[in-house]
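Asker: Sequence first, then the predicted structure:
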Amino acid sequence: MNEKVLNWYVLYTKPRNEIKVMERLVNAGFEAYTPCKIEIRQWSDRKKKIKVPLLTSMVLVKVAKNDLNTVFGIPGVVRFLFNQGKRAEVYDAEVLAMKAHLEVNYISVEKKILKGDTVMVPSINEEATVLSIKGKNCIAQLNKLGAKVSFQLN
C-alpha cells in the first residue's frame, strides 16, 4: 500500500503570473487553484471584464511531499510560502470553502428583502441579519459569529 498523500501548498509566483502559473501547473498534471473575481476595468476608450486573482502572487497547488521540487520546473514559480519555518499548507476544506464562496455568492430572492430581515447566507448556510442593501449588493451580520458578510441578490 504505497499511496501518495497529497497536500495543498501555497506557491509564491512572479508578479501578475498567478493565472498563467495555475494553467501551467494544471497542464503539467497538478491540481492547482487560484481564487479569482471578475472586475470591470475602464480605459479611456473602453470597458473590459477581466479576471483578477484574490491572492496576489500566490497559487494553491496539491502535491505530494516527495514531489515538492517538481513544481519549480514550471515557469513563473518563485518559491513556496512559509509560515513559522514550515511550508504553508491549506486544508482541503478551506479550498472547497473558497471555491464554494466564489461560485455561489448570491441569494435568489422571491420576496423583497429589507434592512433588519433575517436571511440564509449562501455557501456557509448561516443566518444573518441584513444591515444594508444597495442595488443588488447586500451586507449582513452573521447571527452566531457577529461577522459581516456581503453577497449579491439575484
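Answerer: Great, that's in hand. Keep in mind it's a predicted model, so treat the numbers as computed, not measured.
Asker: tally of neighbours for Val71?
Answerer: Using other Cβ atoms under 10 Å, the number of residues around Val71 comes to 21. In short, each C-beta sits where N, CA and C put it, glycine included.
Asker: Identify the residues contacting the closest residue to it other than its chain neighbours.
Answerer: Distances taken as Cβ to Cβ, 6 or more residues apart in numbering place Val77 nearest to Val71, at 5.5 Å, with adjacent residues excluded. Val77 makes contact with Leu11, Tyr12, Thr13, Val21, Val71, according to Cβ atoms under 8 Å, 6 or more residues apart in numbering.
Asker: Relative to Met98, which of these is nearest.
Answerer: Taking Cβ to Cβ as the measure, Leu11 is the one of the contacts of Val77 closest to Met98, at 15.5 Å.
Asker: Whichever strand or helix holds the closest one packs against which elements?
Answerer: Per DSSP states H and E, Leu11 falls inside strand 6-13. Helices and strands touching strand 6-13, by 3 or more Cβ pairs under 8 Å, 6 or more residues apart in numbering; DSSP states H and E, are strand 58-64, strand 77-80, strand 89-90, helix 92-103.
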